[in-house]
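> this one's sequence-less:
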């Protein structure tokens, strides 16, 4: 296999579509990370049935023992990792109430969306260093854009899904991406963040105006398959650059 990929949070939604699309490409083998291994195995089986090169692996980005076990398994089997897609995320803002403060929701959200992503990346940088062309993709959100909120105009999606804890966690995720790009972008690594857009998943309660996950996954897949001339240090969606 010429490209070994790990996708976190891949048993459903956008992560599942990223894993599926990459696994169906020639010379790509995908580790489908799932906090619940049984759900991961079910998702992997569905992909395998249509010809994808994929295997499920138990992965909880908030559990360092889980991260270490996955790293050891991939290192033993392939000695390296070529592509890391940091997709695992949670959305807790709808639960904010007098009993569950925004501050607590922010802390809990950061544990997965930002700190978890940082631990995931830190665990796999040593294996990425062994790749001919390391690629890191951080699945972010347009809600991470400070420019967007500085020029806020209510719309259907922003009014219905205003999520400050989630937005803060994704803005910090973009900074994490830039941190790694400062370290490795000048060494040929391709490190980028992307916004999949408003997608019909559990996050959006499968809103009728949301787009299909199959299309939303395409920007992450593009960044995961960049060649030596590809961009690095960018925050993009399918239309191009997103203002920071």
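Ah, there it is. Given the structure is predicted, the values throughout are model-derived calculations rather than measurements. Numbering: from 1, shown residues only.
> Low-confidence regions, the chain specifically.
By pLDDT under 70, the low-scoring segments of the chain are 1, 154-161, 197-214.
> Go again with 50.
Scanning the chain for pLDDT under 50 picks out the ranges 200, 204, 206-207, 210.
> how about the helices of it, start to end?
With DSSP state H as the criterion, the chain has helices at 13-23, 37-48, 64-78, 102-113, 115-128, 146-150, 156-160, 164-184, 213-216, 218-224.
> what's the most buried one of the ones you listed?
By mean neighbour count, with neighbours taken as mean count of other Cβ atoms under 10 Å, helix 13-23 ranks first of the helices of the chain at a mean of 26. The C-beta positions use only the backbone N, C-alpha and C, and glycine is treated the same way.
> what angle separates it from helix 37-48?
If you take axes from the mean of the first three to the mean of the last three Cα atoms, to 10 degrees, helix 13-23 sits at 40 degrees to helix 37-48.
> what does helix 13-23 contact?
Helix 13-23 is contacted from outside by 5, 7-10, 28-30, 32-33, 43, 47, 50, 52-54, 83, 85, 87-88, 139, 196, 199, 201-203, 213-214, 216-218, 220-221, 224-225, using Cβ atoms under 8 Å, 6 or more residues apart in numbering.
> Filter the residues you listed down to the buried ones and hand me the ChimeraX line.
To isolate the buried ones among the contacts of helix 13-23 in ChimeraX, judged by 16 or more other Cβ atoms under 10 Å, type:
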select :5,7,8,9,10,28,29,30,32,33,43,47,52,53,54,83,85,87,88,139,196,199,201,203,213,216,217,218,220,221,224,225
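> Now intersect the contacts of helix 13-23 with the strands, please.
Per DSSP state E, strands hold the following members of the contacts of helix 13-23: 5, 7, 28, 29, 30, 32, 33, 54, 83, 85, 139.
> Tell me who's in contact with the second one.
Taking Cβ under 8 Å, 6+ apart as the definition of contact, the neighbours of residue 7 are 15, 18, 19, 22, 30, 31, 32, 33, 85, 87.
> so the last one sits right up against residue 9, yeah?
Looking back up the chat, that one is residue 87. Yes. The pair residue 87 / residue 9 is scored as a contact, 4.6 Å apart, by Cβ atoms under 8 Å.
> how far away is the residue nearest to the spatial centre of the chain from residue 153?
Geometric centre of the chain, nearest residue: residue 87, 1.9 Å, by Cα atoms, centre = their mean. Taking Cβ to Cβ, to the nearest Å as the measure, residue 87 falls 28 Å from residue 153.
> Provide a list of residues in contact with the residue sitting furthest away from the middle of the chain.
Residue farthest from the centre of the chain, counting by Cα atoms, centre = their mean, is residue 98 at 30.9 Å. Not one residue lies near residue 98 by Cβ under 8 Å, 6+ apart.
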